[in-house]
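Engineer: what follows is a predicted protein model with its sequence.
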Amino acid sequence: ETVGDCYVAVAGLPDPRKDHAVVMARFAKDCMHRMHSMTRKLEVSLGPDTTDLSLRIGLHSGPVTAGVLRGERSRFQLFGDTMNTAARMESNGIRGRIQISQETADLIVAAGKAHWFVAREDTIVAKGKGELKTFWLALGDGGKTKSTTDTTHSSDDVSSPNHNSSMILDGLMVTSAESDQQVNTLMSNKTSRLIDWNVDVLSRLIKQIIAQRKASSSPTKDSTKKHFCPGDNRGAATTVLDEVTEILALPEFDAEVARRQQDPQNIELNANITTQLQQYVSNVSAMYQNNPFHNFEHASHVTMSVVKLLSRIVAPVDVVVSDGKNQKRSIASKLHDHTYGITSDPLTQFACVFSALIHDVDHSGVPNVQLVKENSKIAKFYQGRSVAEQNSVDLAWELLLDESFDDLRAAIFATDGEKARFRQLVVNSVMATDIMDPDFKAIRNARWEKAFTECPNLEEDAKQATNRKATIVIEHMIQASDVAHTMQHWHIYRKWNERLFM
């Protein structure tokens with residue numbers, strides 16, 4: 001049965017069975033392994049922190065009273081002190097672990113399986129029970145465990161922990177000798193899942209870019225016009241910071257392109273593009289340093305937040321029209337106006353997500369102010385401003401320009417104009433993550449006043465005013481995503497703030 005957000009399972013009813021404690025221990029272990037397996041699979045589609053979802057399980061053994069309560073929602077229920085104690089085992093447990101009572105432990109020992117559990121170091125204080133001595137059930141290797149329907153006479157289906165040097169790692173009981181290898185394996189598997197998730201997100205955006213490009217009457221109309229891209233041949237005296245612009249230029253809405261554009265989901269990416277994207281994201285993950293906060297998991301978390309914010313940039317309800325064949329065009333036009341052009345330009349959306357992915361590449365975990373104070377080489381090179389952010393852009397851009405990613409680049413930007421615009425979007429977005437620079441702060445405040453003042457500049461071009469607002473939205477989006485853990489679930493807030501401040 002279910003009680004609130006808890007699931008209650010029982011063995012030995014209605015027919016009693018002597019091995020009920022062993023059966024329930026196996027069942028609990030199977031549930032925990034299945035939960036771990038499911039969250040790992042879902043992380044690829046749902047994004048970072050999905051594996052933070054877990055279970056608490058509590059086991060107790062004893063007599064119960066059973067019956068069906070009358071009423072509108074009558075159902076078979078269990079009552080009694082055994083049920084209450086089992087509930088205390090769960091509520092006083094720890095995520096990812098199975099807590100068992102002394103009574104259950106005694107039955108498991110009687111079945112010859114004393115090696116299945118270890119004593120909990122501290123006692124718990126259970127409501128109505130006082131202090132209780134409890135135990136942790138060892139989970140063992142989920143890939144080698146037997147089903148709960150197997151015979152109960154085998155004692156080799158749960159690994160035997162060393163009572164003097166055992167520990168719990170990701171819900172599994174391991175010895176200290178195995179812990180390093182387990183940590184490396186778990187981290188490697190998690191990184192692989194994060195890479196797959198990022199690749200999936202970026203692939204969908206590339207499909208949108210290609211779909212719009214195909215719908216354009218002249219997809220390479222400026223291929224003969226050379227656009228200077230500062231990232232290709234920047235002089236020694238200039239830095240990424242010098243490329244930051246006050247206003248990003250977004251393309252105007254093209255109704256005909258919106259009408260002709262096919263569903264991006266029907267676009268099939270070339271195998272070379274997919275392979276190169278996978279390799280690029282893998283290389284980016286390897287370029288992140290192993291520090292507590294500014295790591296690849298954090299970058300993926302920021303990417304997820306940007307994706308969510310982009311998905312919520314929608315028009316108000318009054319954009320819904322009933323104009324027959326022109327309905328798609330009308331909605332797209334109103335979306336374009338309402339979102340300052342962001343929703344109608346997949347290259348801008350791709351640049352936002354790409355910037356989130358690479359914004360902390362090679363971050364040492366040391367703040368810019370400390371790097372400058374220590375007069376480090378990297379601080380000197382970037383003239384003491386936005387040190388980590390500029391370094392991240394340079395490294396990620398240099399990697400993208402490698403000849404091994406030719407097909408990927410061609411999919412992202414087919415012309416020099418697209419390349420220059422993509423570079424500008426990335427530079428502005430990543431530089432926006434430096435919220436401590438006083439000059440940047442003054443510029444952003446002034447830009448906000450210009451964009452949303454009650455007395456707008458009537459002499460300013462309407463397109464420029466719209467682009468200024470779009471620039472503010474794009475930069476605020478990545479800034480909010482960079483600290484999104486402070487606005488999400490409590491366990492995420494605690495996890496990242498502990499990493500930042502400890």
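Structural biologist: Now that the structure is in, tell me what you want to look at. Numbers count the residues shown, from 1 in each chain.

Engineer: helices of the stretch 151-300 of the chain, residue ranges please.
Structural biologist: Under the criterion DSSP state H, counting those that start in this stretch, the stretch 151-300 of the chain contains helices at 176-215, 255-260, 271-287, 296-311.

Engineer: and the first one with helix 296-311, angle?
Structural biologist: Calculated by axes from the mean of the first three to the mean of the last three Cα atoms, to 10 degrees, helix 176-215 forms an angle of 30 degrees with helix 296-311.

Engineer: ok and helix 176-215 relative to helix 271-287, angle-wise?
Structural biologist: Going by the same axes, to 10 degrees, helix 176-215 makes 140 degrees with helix 271-287.

Engineer: quick check, distance from helix 176-215 to the centre of its chain.
Structural biologist: Using Cα atoms, centre = their mean, to the nearest Å, the mean C-alpha position of helix 176-215 is found 10 Å from that of the whole chain.

Engineer: list the buried residues in that helix.
Structural biologist: Within helix 176-215, the residues that count as buried by 16 or more other Cβ atoms under 10 Å are 178, 190-191, 193-199, 201-213, 215. All C-beta spots, glycine's among them, are computed from the backbone N, C-alpha and C.

Engineer: count the neighbours of residue 348 for me.
Structural biologist: 22 (other Cβ atoms under 10 Å).

Engineer: quick one, what contacts it?
Structural biologist: Residues near residue 348 by Cβ atoms under 8 Å, 6 or more residues apart in numbering: 250, 341-342, 425, 470, 474.

Engineer: tell me which two in these are the farthest apart.
Structural biologist: Pairwise distances across the contacts of residue 348 peak at 12.1 Å for 341 and 425 (criterion: Cβ to Cβ).

Engineer: residue ranges in the chain under the pLDDT threshold?
Structural biologist: Along the chain, the model assigns pLDDT under 70 to residues 141-187, 217-237, 314-338, 454-460, 486-488, 501-502.

Engineer: host element of residue 57?
Structural biologist: Residue 57 belongs to strand 56-59 when elements are defined using DSSP states H and E.

Engineer: give me the contact list for that strand.
Structural biologist: Residues from elsewhere that reach strand 56-59 (Cβ under 8 Å, 6+ apart): 21, 24-25, 28, 31-32, 86-101, 104, 137.

Engineer: quick one: strands adjacent to it?
Structural biologist: Within its sheet, and counting by DSSP bridges, strand 56-59 is paired with strand 97-100 (parallel).

Engineer: what does the partner strand contact?
Structural biologist: Contacts to strand 97-100, defined as Cβ under 8 Å, 6+ apart, come from residues 25, 28-29, 32, 56-60, 89-90, 92-93, 108, 117, 120, 134-137, 139, 168, 171.

Engineer: ranges for the helices of the stretch 301-450 of the chain?
Structural biologist: Using DSSP H, counting those that start in this stretch, the helices of the stretch 301-450 of the chain run over 327-338, 346-358, 368-373, 377-381, 387-400, 406-412, 416-431, 438-452.

Engineer: which one of those lies closest to residue 279?
Structural biologist: Closest to residue 279 of the helices of the stretch 301-450 of the chain is helix 406-412 (Cβ to Cβ; 8.6 Å).

Engineer: what's the spacing between that closest one and its chain's center?
Structural biologist: Computed by Cα atoms, centre = their mean, the chain-centroid distance of helix 406-412 equals 25 Å.

Engineer: tell me which residues in it are buried?
Structural biologist: Residues 407-409, 411-412 are the ones in helix 406-412 that count as buried (16+ other Cβ under 10 Å).

Engineer: which residues are contacting that helix?
Structural biologist: Contact partners of helix 406-412, identified using Cβ under 8 Å, 6+ apart, comprise 206, 209-210, 269-270, 272-273, 276-277, 280, 347, 350, 400-401, 418-419, 422.

Engineer: can you flag the buried ones in those?
Structural biologist: So, of those, 206, 209-210, 269, 273, 276-277, 280, 347, 350, 400, 418-419, 422 end up buried under the neighbour-count rule (16+ other Cβ under 10 Å).

Engineer: which strands and helices sit next to the helix or strand following the strand holding residue 57?
Structural biologist: Scanning forward in sequence from strand 56-59 by DSSP H and E, the next helix or strand is strand 65-68. On a contact count with 3 or more Cβ pairs under 8 Å, 6 or more residues apart in numbering; DSSP states H and E, strand 65-68 meets strand 76-79.

Engineer: which non-adjacent residue is nearest residue 357?
Structural biologist: residue 303 (5.1 Å; Cβ to Cβ, 6 or more residues apart in numbering).

Engineer: please determine how far that neighbour is located from residue 251.
Structural biologist: As judged by Cβ to Cβ, to the nearest Å, residue 303 and residue 251 stand 24 Å apart.

Engineer: before we move on, what about residue 477?
Structural biologist: Residue 477 is 19 Å from residue 251, where distance means Cβ to Cβ.
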